[in-house]
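# Would you be able to build a 3D model of this:
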Amino acid sequence: MSNSVKFVLYFLVSFLVLNLGYQVLLFAKANEIDPFTKYIAIVTANLYNLNFETNPLKPGIQILFHEAPIINIMEGCNGLAVWFTLLAFVIAFGGKKSHYFWFVPMSFLFLETGNILRLLALIFIRIHHAASFDFFHTYAFPAILYAFAFGLMLFWTKLQSGISKQNAK
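Next up is the predicted model:
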């Protein structure tokens, strides 16, 4: 089997296992907001010094501005899908075990920090430039977050390629 086929298979299996595991967690807590989404929403609201609430009629956590809901942070807003994609790539590409121990948690922290900054920017845009919100929410910020993840993928490949070159000498 060629390296390319192995990479694709490892990526797909890793991506599916990560996502299925997360879906099992979501299913187990079907009537609740998952703890990670709740944490991201609370951190975001606190950083912007806003209140938040849950609404039994809407999934997610609503962020309030002057006690009116302005955005709803739900499962898809927590950034895990981007990190799962990056993690599946890292697993499929392979690498030195010691690099996994620092790269995996650091990539998670970098992506989640970027995601929280994205949410803070979306709150700002919703409050001050509401007409632009849909463009930034749907297109600009997801593209930026995925581009950042792609940059981390490139960093991983360069890091591992450097090891391969050292081993070849």
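# And Val104, how close does it get to Phe11?
Val104 sits at a distance of 16 Å from Phe11 (criterion: CB to CB, to the nearest Å). In this view, the C-beta of every residue, glycine as well, is placed from N, C-alpha and C.
# So which residues of this protein form strands?
51-55, 58-65, 68-73 (DSSP state E).
# Provide the backbone phi and psi angles at Met74.
Backbone torsions of Met74, given as degrees, to the nearest 10, read phi -120, psi -180.
# Look up how far Leu80 lies from it.
Distance, Met74 to Leu80, by CB to CB: 12 Å.
# Neighbour count: these two, which is higher?
Leu80 (22 against 16; other CB atoms under 10 Å).
# Which residues are in contact with that one?
Tyr22, Phe36 (CB atoms under 8 Å, 6 or more residues apart in numbering).
# before we move on, the earlier item: turn the strands of the chain into JSON lines, including mean pLDDT and mean neighbour count.
Shown next, in JSON lines, are these (pLDDT from 0 to 100; neighbours: other CB atoms under 10 Å):
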{"stretch": "strand 51-55", "mean pLDDT": "89", "mean neighbour count": "14"}
{"stretch": "strand 58-65", "mean pLDDT": "89", "mean neighbour count": "18"}
{"stretch": "strand 68-73", "mean pLDDT": "93", "mean neighbour count": "17"}
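# Now render those strands as JSON lines, adding distance to Gly162.
Below are the strands of the chain laid out as JSON lines (distance: least, CB to CB, whole Å):
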{"stretch": "strand 51-55", "distance to Gly162": "44"}
{"stretch": "strand 58-65", "distance to Gly162": "42"}
{"stretch": "strand 68-73", "distance to Gly162": "39"}
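# Nearest to Phe141, out of those strands?
Closest to Phe141 of those is strand 68-73 (CB to CB; 12.3 Å).
# tell me the centre residue of the protein?
With the centre of the chain defined as its mean C-alpha position, the nearest residue by CA atoms, centre = their mean is Gly79, 2.2 Å away.
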